[in-house]
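Engineer: Sequence first, predicted model second:
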Amino acid sequence: MRVTSDLWVAALLRRLQGEGGFGAVVRRGAAEAGAIFLISRSRMGELSLFGPAPQAGYDDARPSERLFVQLLSAGTQEDIDAKLEREMRFDPDFWVVELEVGAERLANLIEIRTP
């Protein structure tokens, strides 16, 4: 059984802050099953956007995990805003969480798949 989006985001932020990182909810989506998008901001200000992995990327043995793919790398805030605006037309119930954490630490917090 998959945990709710609300609980998953709260746990991610608590874990991140426990490791000395910073994170904030930029947009709150549906509490039960809203898709989650993550904006990763490096200490140098570089932005990357991660979104839910396609269903084909899920392992049948562990279907309850949340998997992510990198949608934008070293993008600008305008690039990210445009991508999220397109997503909003498709599904307005999504979450956006911004994290300040290095790339290697992000991989320890979430599972990232390559498309």
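Structural biologist: Noted; the coordinates are in hand. Here the structure is a predicted model, which means the values were calculated and not measured. Numbers count the residues shown, from 1 in each chain.
Engineer: Distance from the chain centre to the lengthiest strand in the chain, please.
Structural biologist: The strand that spans the most residues within the chain, counting by DSSP state E, is strand 67-75. Strand 67-75 sits 9 Å away from the centroid of its parent chain (C-alpha atoms, centre = their mean, to the nearest Å).
Engineer: Just checking: what are the partner strands of it?
Structural biologist: Note on strand 67-75: by DSSP bridges, its sheet partners are strand 47-52 (antiparallel), strand 111-113 (parallel).
Engineer: Point out the most buried one among these.
Structural biologist: Scoring the strands paired with strand 67-75 by mean neighbour count under mean count of other C-beta atoms under 10 Å gives strand 47-52 as the most buried, with a mean of 19. Every residue, glycine included, has its C-beta placed from N, CA and C.
Engineer: contact partners of that one?
Structural biologist: With C-beta atoms under 8 Å, 6 or more residues apart in numbering as the test, strand 47-52 has contacts from 35-42, 66-77, 79-80, 83-84, 87, 103, 110, 112.
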